[in-house]
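Undergrad: Okay, sequence plus prediction incoming.
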Amino acid sequence: NAGVMQNPRHLVRRRGQEARLRCSPMKGHSHVYWYRQLPEEGLKFMVYLQKENIIDESGMPKERFSAEFPKEGPSILRIQQVVRGDSAAYFCASSPSTGAGNTIYFGEGSWLTVV
Amino acid sequence: AQSVTQLGSHVSVSEGALVLLRCNYSSSVPPYLFWYVQYPNQGLQLLLKYTSAATLVKGINGFEAEFKKSETSFHLTKPSAHMSDAAEYFCAVSENSGAGSYQLTFGKGTKLSVIP
């Protein structure tokens, strides 16, 4: 039973390039979340998606960041025109539901380095 | 609004000694509380969670935590540290309604070192 799968695990981009991070949720999970972990910080919520719908993007930066979860295929977190401050670990998580106290399962993360 | 404070960004204990990692929370509604562990360059693994049942929660790897409403605390303990416990530990809170039911708010983490 595979867990939450993220790729790439490590990504290096030059300033101004685009970064695309992919996430396949656990089997049977239809709720996907993206979190960002900056150095020396805890994880911060970015966005919550279900298939073909963005439910809550209150934690997403207003510019350059977008997320999708298409009908087929993985969820994608896209960062356009990356800057040094985007260097962070990006974690995808999934859950079978969103009931109170619901367990959210995290992937192993994608570490983005902007040079 | 909810928040989590983890006292001590680094904690060192000797192998076999008691592990105590502190977590205090702030929440306007009854919270749900979680402890996650993160090994280097890996994702977060759930250790245990409190969801308003028993206040003493037992988790994996011998860890447990006690919810104390009067102290707004959810400290993580383990009677005897093992070398394999060296990792970073995150406390998180969610709420029982609205966006808070799926948004986890994390503390900044505590790095645990175990000295042989």
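TA: Yes, it's here.
Undergrad: is any part of stretch A:78-97 close to chain B?
TA: Yes - remark: stretch A:78-97 sits within contact range of chain B at A:91, A:95, by CB under 8 Å from any CB of the partner chain. Any C-beta I mention is one placed from the backbone N, CA and C, and that applies to glycine too.
Undergrad: From residue A:103, how far out is residue B:20?
TA: Separation of residue B:20 from residue A:103 (CB to CB, to the nearest Å): 24 Å.
Undergrad: Near chain B, which residues of chain A are found?
TA: Chain A comes close to chain B at residues A:4, A:6, A:31, A:33, A:35, A:40-45, A:48, A:56, A:58-59, A:91, A:95, A:98-109, A:111, as judged by CB under 8 Å from any CB.
Undergrad: among those residues, which ones are buried?
TA: Buried by 16 or more other CB atoms under 10 Å in any protein chain shown: A:4, A:6, A:31, A:33, A:35, A:42-45, A:48, A:56, A:59, A:91, A:95, A:98, A:100-102, A:104-109, A:111, out of the residues of chain A next to chain B.
Undergrad: before we move on, what SS does the spatially most central residue of chain A have?
TA: For chain A, the residue nearest the mean C-alpha position is residue A:34 (3.3 Å; CA atoms, centre = their mean). Under DSSP: H, G, I helix; E, B strand; the rest coil, residue A:34 falls in the strand class.
Undergrad: ok, now which ones touch the closest residue to it other than its chain neighbours?
TA: For residue A:34, ignoring the flanking residues on the chain, the nearest one in space by CB to CB, 6 or more residues apart in numbering or on different chains is residue A:46 at 4.4 Å. Contacts for residue A:46 were tallied using CB atoms under 8 Å, 6 or more residues apart in numbering or on different chains; they are A:33, A:34, A:35, A:36, A:57, A:59, A:60, A:65, A:67, A:77.
Undergrad: Also residue B:22?
TA: Here residue B:22 is in contact with B:6, B:7, B:8, B:73, B:75, B:110 (criterion: CB under 8 Å, 6+ apart).
Undergrad: now the third one, nearest residue through space, not along the chain?
TA: Looking back up the chat, that one is residue B:8. The spatially closest residue to residue B:8, leaving aside those adjacent along the chain, is residue B:110, at 5.5 Å (CB to CB, 6+ apart).
Undergrad: re the thing from before, okay, the contacts of residue A:46 in a markdown table with pLDDT next?
TA: A markdown table is the format used below for those (pLDDT from 0 to 100):
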| residue | pLDDT |
| --- | --- |
| A:33 | 96 |
| A:34 | 97 |
| A:35 | 96 |
| A:36 | 96 |
| A:57 | 94 |
| A:59 | 93 |
| A:60 | 95 |
| A:65 | 98 |
| A:67 | 97 |
| A:77 | 98 |
